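A.B. asks: this one's sequence-less:
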């Protein structure tokens, strides 16, 4: 059996998970999986064939009190011992999950990936590595199977997937088992932290790992884990093949695409193979919204196809997420919302420090100056922006345009205009704001009402979404500008 680090290297090179010179954020909980990932990557990063950089990340979810704080201290010390930079964040996952109507598992996962993404943007990292291994893949397949998934769910986790523009999530351990992870930790004399919540069978995934899989191995197939991994790999090839066919089919049936609607040739859609018809409809929804709402089920897809098959040449179907599907003879028009107009405003002036009330009277945008070390990472991206004040002031001075020194820094707040451009955090350069909003899956009905903060002619914050790369916080930042969106009391 190849050595642990050799197997990880093979996966990285074969799947092109890391390129030379890249910065990799490594998510480390302190458990065996993430600790093995950190040490394996640390062994590999100095190799001449694969030089890269590591930034350690740990998030305290606020669920386990003193034990969680000890986990954070453990990760900090491990990073210090390896000579690696480390960022530790803290959130209240339970409060967030209740507020958003999510399960605790889902809420914690969303907060974790938000933290990792924010850190990647701040450091310029292009990869985020997580410690999912072969047994995790097997558990995920079983979990999806029991919930009645389709091919996408049974194909399991991918070696890599886009996390955001220019940032990729990678899983270098997908071909090693939990047993190999634990052996590697013993060989390295590592002492992983134990998260007792992983033993709580109130969570479905824990029951699968602790009860169902051992039963299947004992009573039905000792090699069930390898068999399920093989199944997942084979189905992933089928999934990728069908995705390519569906993209080609979508191009064949698309008649017209606009800002708030697209039109399909319904008759041509029904001539496509049945295995592709639903996938084409889901592609249409994704093309319109930027994503497919979780609430859109296979039942909705069948109802949409039935609309085209019914005797009446006209019909209307409401779908989750504010979608409407209308049939008129052979045409299917998928639409979302109406062109927003009432939400536009501006420009308003925001003096630093100071505040300004946004139209409608409920929301206030505040600006204040702080030492960068007093910022509480990660920011609440829906309400806060951390910026380099010196750079912001320079843009305001350049925007004045008359060569005179500006006595006070004055920002502008408005909604979007035709031709606006924006430099997203971590992106290689400026791009059309319209394209940025589409890629970030901002619903069409929200785009025209979305507040923008400008320094001179430069958009420095798309409120609730992203700060400008040109004004990001860096190790050279001397004074931080904190922008915060609050509700008027």
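C.D. replies: Done, it's in. As the structure is a prediction and not an experimental result, all values here were calculated from the model.

A.B. asks: Could I get the phi/psi values of residue 89?
C.D. replies: When quoted as degrees, to the nearest 10, the phi and psi of residue 89 stand at phi -120, psi 160.

A.B. asks: List the contacts of it.
C.D. replies: Counting by C-beta atoms under 8 Å, 6 or more residues apart in numbering, residue 89 touches 57, 58, 59, 60, 115, 119, 377, 378. All C-beta spots, glycine's among them, are computed from the backbone N, C-alpha and C.

A.B. asks: and with 7 Å instead?
C.D. replies: Applying C-beta atoms under 7 Å, 6 or more residues apart in numbering, we find residue 89 in contact with 59, 115, 377, 378.

A.B. asks: Check the secondary structure at the third one for me.
C.D. replies: Here residue 377 takes the coil state, with states given by DSSP: H, G, I helix; E, B strand; the rest coil.

A.B. asks: re the thing from before, just the closest of the contacts of residue 89 to residue 254, please.
C.D. replies: Within these, distances to residue 254 taken as C-beta to C-beta reach their minimum at residue 115, with 38.0 Å.

A.B. asks: Assess the claim that the closest one and residue 59 are in contact.
C.D. replies: Yes. In this structure, residue 115 is within contact of residue 59 by C-beta atoms under 7 Å, at 4.8 Å.

A.B. asks: returning to what we had before: between the contacts of residue 89, which has the most around it?
C.D. replies: Taking other C-beta atoms under 10 Å as the neighbour criterion, residue 59 ranks highest of the contacts of residue 89 with 27 neighbours.

A.B. asks: List the beta-bridge partners for that one.
C.D. replies: Beta bridges link residue 59 to residue 89 when assigned by DSSP bridges.

A.B. asks: which ones are touching it?
C.D. replies: Counting by C-beta under 7 Å, 6+ apart, residue 59 has contacts 89, 91, 112, 115.

A.B. asks: How many residues are close by the third one?
C.D. replies: If I follow you right, that is residue 112. Residue 112: 20 surrounding residues under other C-beta under 10 Å.

A.B. asks: Contact partners for it?
C.D. replies: Taking C-beta under 7 Å, 6+ apart as the test, what residue 112 contacts is residue 59.

A.B. asks: and if we set it to 8 Å?
C.D. replies: Taking C-beta under 8 Å, 6+ apart, we find residue 112 in contact with 27, 59, 61.

A.B. asks: Parallel or antiparallel, which strands does the helix or strand where residue 369 lies pair with?
C.D. replies: Here residue 369 sits within strand 363-370, counting by DSSP states H and E. In the sheet, strand 363-370 lines up against strand 354-357 (antiparallel), strand 480-487 (antiparallel) (DSSP bridges).

A.B. asks: Just name the most buried of the ones you listed.
C.D. replies: Stretch with highest mean neighbour count among these: strand 480-487 (a mean of 18; mean count of other C-beta atoms under 10 Å).

A.B. asks: mean confidence score for it?
C.D. replies: Regarding strand 480-487, the rounded mean pLDDT is 92.

A.B. asks: what about the strands paired with strand 363-370, which gets the closest to residue 190?
C.D. replies: Nearest to residue 190 among those is strand 480-487; the distance by C-beta to C-beta comes to 36.8 Å.

A.B. asks: The closest one: how far from the chain's middle?
C.D. replies: Averaged C-alpha coordinates place strand 480-487 at 23 Å from its chain's average position (C-alpha atoms, centre = their mean, to the nearest Å).

A.B. asks: on that earlier part again, out of the contacts of residue 89, which two sit at the greatest distance?
C.D. replies: The distance between the two most remote of the contacts of residue 89 (C-beta to C-beta) is 10.3 Å, for 59 and 377.

A.B. asks: By mean pLDDT, point me to the weakest helix or strand of this structure.
C.D. replies: None of the helices or strands of the chain scores lower by mean pLDDT, DSSP states H and E than helix 444-447, at a mean of 68.

A.B. asks: with the contacts of residue 59 in mind, which one is nearest to residue 363?
C.D. replies: Nearest to residue 363 among those: residue 91, at 23.1 Å, using C-beta to C-beta.

A.B. asks: can I assume that closest one is in contact with residue 115?
C.D. replies: Yes. The pair formed by residue 91 and residue 115 meets the contact definition of C-beta atoms under 8 Å, at 7.2 Å.

A.B. asks: overlap in contacts of the two?
C.D. replies: Taking C-beta under 8 Å, 6+ apart as the contact rule, the neighbours common to residue 91 and residue 115 are 59, 378.

A.B. asks: Contacts for the helix or strand encompassing residue 262, please.
C.D. replies: When secondary structure is defined using DSSP H and E, the element that contains residue 262 is strand 261-265. Contacts to strand 261-265, defined as C-beta under 8 Å, 6+ apart, come from residues 253-257, 280, 284, 287-288, 330-336.

A.B. asks: do that again at 10 Å, thanks
C.D. replies: Contact with strand 261-265 is made by 250, 252-257, 271, 280-281, 284-285, 287-288, 308, 324-326, 328, 330-337, 444, as judged by C-beta atoms under 10 Å, 6 or more residues apart in numbering.

A.B. asks: Looking at those residues, which are in strands?
C.D. replies: Among these, the members falling in strands (DSSP state E) are 254-257, 324-326, 328, 331-336.

A.B. asks: Show me which of those residues are buried.
C.D. replies: Using 16 or more other C-beta atoms under 10 Å as the burial test, the ones in strands among the contacts of strand 261-265 include 254, 325, 326, 331, 332, 333, 334, 335, 336 as buried.

A.B. asks: Make TSV out of the residues you listed and add distance to residue 293.
C.D. replies: Listed next are those as TSV, based on distance: C-beta to C-beta, whole Å:
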residue	distance to residue 293
254	21
325	14
326	18
331	23
332	18
333	18
334	13
335	15
336	11
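
A.B. asks: Just name the closest of these to residue 234, please.
C.D. replies: In terms of C-beta to C-beta, no member of these lies closer to residue 234 than residue 254, at 31.1 Å.

A.B. asks: can you pull the buried residues of stretch 314-323?
C.D. replies: By neighbour count with 16+ other C-beta under 10 Å, stretch 314-323 contains the buried residues 317, 319, 321, 323.

A.B. asks: just these now: which is nearest residue 170?
C.D. replies: Proximity to residue 170 was ranked across the buried residues of stretch 314-323 by C-beta to C-beta; first place goes to residue 321, at 30.0 Å.

A.B. asks: Skip the chain neighbours and tell me the closest residue to the spatially most central residue of the chain.
C.D. replies: To find the centre residue of the chain, average its C-alpha atoms and take the closest one (C-alpha atoms, centre = their mean): that gives residue 163, at 4.6 Å. Once its chain neighbours are removed from consideration, residue 163 has its nearest residue in residue 169; the separation is 4.4 Å (C-beta to C-beta, 6 or more residues apart in numbering).

A.B. asks: what's near enough to touch the one you found?
C.D. replies: By C-beta under 10 Å, 6+ apart, the neighbours of residue 169 are 17, 25, 27, 113, 116-117, 120, 127-130, 132, 157-163.

A.B. asks: Inside helices: which ones of those residues?
C.D. replies: Restricting the contacts of residue 169 to those inside helices, with DSSP state H as the criterion, leaves 113, 116, 117, 120.
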